[in-house]
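Asks: build me a model:
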Amino acid sequence: MRIVLSMASQDPIYEQIVRQVRSQILAGDLSEGELLPSIRALARDLQISVITTKRAYEELEREGLIDSVGGKGTFVAAQNPEFIREKKMQSVEAKLAEAVDQARQLGVDPDQLAEMLRLLYPEGE
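Replies: Got it, this is the predicted structure:
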């Protein structure tokens, strides 16, 4: 598991961890059943507070991405393919919403934006 923190980012450190671990799980870089570093080990490696890593792991567990097993460790949870697709679709929607906001600020109308999308995503690909 590779995590790179940016102290210059406006995002809290725990959110940076959650985002990167989530991304690695959804991309398949971390596979089902894979043992993750302990909360203390991750805190030591990243040189951050144990409380911060605990909060990140709790959030990932709430999302159903990891499972903590007392006395054994924290593991990547079994992923439902529909759940993974839904998470990826949410990511696409968020990026499209950002593009729509930028287009509105530039005065791009919906037809122009749709044409841009058609050019970037040609049929047959």
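
Asks: could you give me the buried positions within the lowest-mean-pLDDT helix or strand in the chain?
Replies: Ranking every helix and strand in the chain by mean pLDDT, DSSP states H and E puts helix 81-106 at the bottom, with a mean of 89. Buried residues in helix 81-106, counted by 16 or more other C-beta atoms under 10 Å: K87. C-beta here means a position set from N, CA and C on the backbone, and glycine is covered the same way.

Asks: tell me what that helix is packed against?
Replies: With contacts taken as 3 or more C-beta pairs under 8 Å, 6 or more residues apart in numbering; DSSP states H and E, helix 81-106 sits against helix 13-26, helix 110-120.

Asks: what's the domain layout of this structure?
Replies: Using automatic domain parsing, the domains assigned to the chain come out as 13-76, 81-120.

Asks: can you lay out these as a markdown table showing distance to I3?
Replies: Conversion of those to a markdown table gives the following (distance: least, C-beta to C-beta, whole Å):
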| stretch | distance to I3 |
| --- | --- |
| domain 13-76 | 5 |
| domain 81-120 | 18 |
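
Asks: tell me which of those sits most buried.
Replies: Sort the domains of the chain by mean neighbour count, taking mean count of other C-beta atoms under 10 Å, and domain 13-76 sits at the top with a mean of 16.

Asks: what's the offset of that one from the middle of its chain?
Replies: 12 Å (C-alpha atoms, centre = their mean, to the nearest Å).

Asks: one more: stretch 108-122?
Replies: Centroid separation for stretch 108-122 versus its chain: 27 Å, with C-alpha atoms, centre = their mean.

Asks: if we can go back for a sec, let me have the helices and strands packed on helix 81-106 in a markdown table, extended by mean pLDDT.
Replies: Shown next, in a markdown table, are those (pLDDT from 0 to 100):
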| stretch | mean pLDDT |
| --- | --- |
| helix 13-26 | 94 |
| helix 110-120 | 91 |
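
Asks: can you list those in JSON lines and add distance to S6?
Replies: Below are the helices and strands packed on helix 81-106 laid out as JSON lines (distance: least, C-beta to C-beta, whole Å):
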{"stretch": "helix 13-26", "distance to S6": "7"}
{"stretch": "helix 110-120", "distance to S6": "28"}
